[in-house]
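[1] next comes the sequence, and after it the predicted model I'd like to discuss.
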Amino acid sequence: MNMKIALLGSALVLSAGAAQALELKFANFTPPFHTVNASVIERLGAELSAATNGDLTVRGYHGGELGAGPVEQYVRAFQNVAEITWGLPGYTSSQFEQTMIAELPGALPADLPGYEALWAAYEDHLAGEFPGTVPLALWTSEPNILIMRSAEIRSPADLAGLDIRVAGATAADAAIALGATPAQMPISQVYQALETGEIDGVITGASTLSDFRLDEVADSFTLGAPLGRNSFFVVMNEGVYNGLSDDHRAALDAAIGVPLSRSAEEAWIAAGEAAIATARADAANVVIDLTPEEIAVFADAVAGVTQAYVDTVGGAATLAAMTAN
C-alpha cells in the first residue's frame, strides 16, 4: 500500500512538472539562416532551457509562419499571436519617435554600441513607446552603407534623382538631404525591387547582403558615408511575461536585456564584415571606400538632419541619455 502511495505521489509530481512546462512562440519574419536566429532566438531558447531544466523553451517560427509581413511584428506580440517577436522601429516610425534617434547620422559616436545607448535611455525616455509588451532586446546594426544596382556613388551628386529604399523616417530624411528620392519598404521586398529596377539602391547595413541575398542583385557598394544605423527590438507580450512563474521569470530576466542585445548587435556587425569581405572578393562588384574628403562632403549634406529630427520630436534629453557614457 505504501509503495502504491509513493508511486502515485511520484506520478502527481511528474504530472505537475509537465503542466508547468511552457514553450514560447517566437515569430520570425526572416528565413532560419538569418543572423537573428542563432544570435537571439536559439541563444534565448538554450539559456532558458538550461536554467529551467527544459521547463521553459523557445520555438522559432520562421519565414513569416505566424503571419507574413515584418511591419506587423510588434502588433503580433501585442495581440499575443506570438509571445515573442522581433522587428524594426523604422517600419512604424511614428510609434518610436524617441527610439529612432539612435538611427540618425552621427547621433551616436562610432565607438558607442547601440545597445548601450538604447538601454541607457530606455527607462526614462523610451519605455512609453513599447505599450503592452516587455522589451527583451534593443540594439542597432552595423553602420549603414549604400548598396546599389548599376550605379557607383562617390558623392551626393551621384544620388540625384535615384530611388533609394530606406527603412524608416530618419533614413528618409537623410536620403532627401543627399538628393535622392526615398522609397520606404520592408527589407523582404528589396530583393525584387532591386532586381526589377523599381529602386536604384538601398541605405542599410551590409549584413543584408547575406541575410537577404542582396549581393545577388547589387553590384556597387559605397562605404564610409555617415548614414546612421538601423535599430531593432525583441518584445514579449506583457501579459504572458507577468503570468510566468517566479522561477521562469527569473530565468528570463537573467537572459534578456543587455546580454541578449549585445549578442544580437555583435552578430549583426560580424555578418556585415563577412558580407563586405565576400563582396570585395567578387570581381563583378565595385566596392567604394570613400576618402576622408569624400566622407566630409556627405557629412555636410546630412549635417542638419539629426538636429532637425531631435528638435521636431523633443528628443534632446533622449539623445543626451543615449550618449551619456
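    Arrived safely, thanks for sending.

[2] the stretch 1-150 of the chain: strands as residue ranges?
    22-27, 56-61, 84-87, 133-140, 144-148 (DSSP state E, counting those that start in this stretch).

[3] Serialize those strands to a markdown table and add fields for mean pLDDT and mean neighbour count.
    Using the backbone N, CA and C atoms, a C-beta is placed for each residue, glycine as well. Formatted as a markdown table, the strands of the stretch 1-150 of the chain follow (pLDDT from 0 to 100; neighbours: other CB atoms under 10 Å):
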| stretch | mean pLDDT | mean neighbour count |
| --- | --- | --- |
| strand 22-27 | 98 | 20 |
| strand 56-61 | 98 | 19 |
| strand 84-87 | 98 | 26 |
| strand 133-140 | 98 | 25 |
| strand 144-148 | 98 | 27 |
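
[4] same list (those) but as JSON lines, adding distance to Glu293.
    Shown next, in JSON lines, are the strands of the stretch 1-150 of the chain (distance: least, CB to CB, whole Å):
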{"stretch": "strand 22-27", "distance to Glu293": "46"}
{"stretch": "strand 56-61", "distance to Glu293": "46"}
{"stretch": "strand 84-87", "distance to Glu293": "38"}
{"stretch": "strand 133-140", "distance to Glu293": "27"}
{"stretch": "strand 144-148", "distance to Glu293": "17"}
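
[5] nearest to Glu265, of those?
    Closest of the strands of the stretch 1-150 of the chain to Glu265 is strand 133-140, at 4.0 Å (criterion: CB to CB).

[6] could you dump that closest one to PDB, C-alpha only?
    The C-alpha coordinates for strand 133-140 follow below in PDB (Å, rounded to 0.1, in the frame of the first residue of the first chain):
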ATOM      1  CA  THR A 133       5.000  44.500 -24.300                       C
ATOM      2  CA  VAL A 134       8.200  43.900 -22.400                       C
ATOM      3  CA  PRO A 135      11.400  44.600 -24.500                       C
ATOM      4  CA  LEU A 136      13.800  41.700 -24.300                       C
ATOM      5  CA  ALA A 137      16.500  43.200 -26.500                       C
ATOM      6  CA  LEU A 138      17.200  46.500 -28.100                       C
ATOM      7  CA  TRP A 139      20.200  47.000 -30.400                       C
ATOM      8  CA  THR A 140      21.500  48.700 -33.600                       C
END
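
[7] what about Gly314, distance to Phe233?
    Distance of Gly314 to Phe233, given as CB to CB, to the nearest Å: 21 Å.

[8] which one of these two is surrounded by more residues?
    Phe233 (26 against 10; other CB atoms under 10 Å).

[9] wait, a strand at the more buried one?
    Yes - using DSSP: H, G, I helix; E, B strand; the rest coil, the assignment for Phe233 is a strand.

[10] just list whatever residues bridge to it.
    Counting by DSSP bridges, Phe233 is bridged to Gly87, Leu138.
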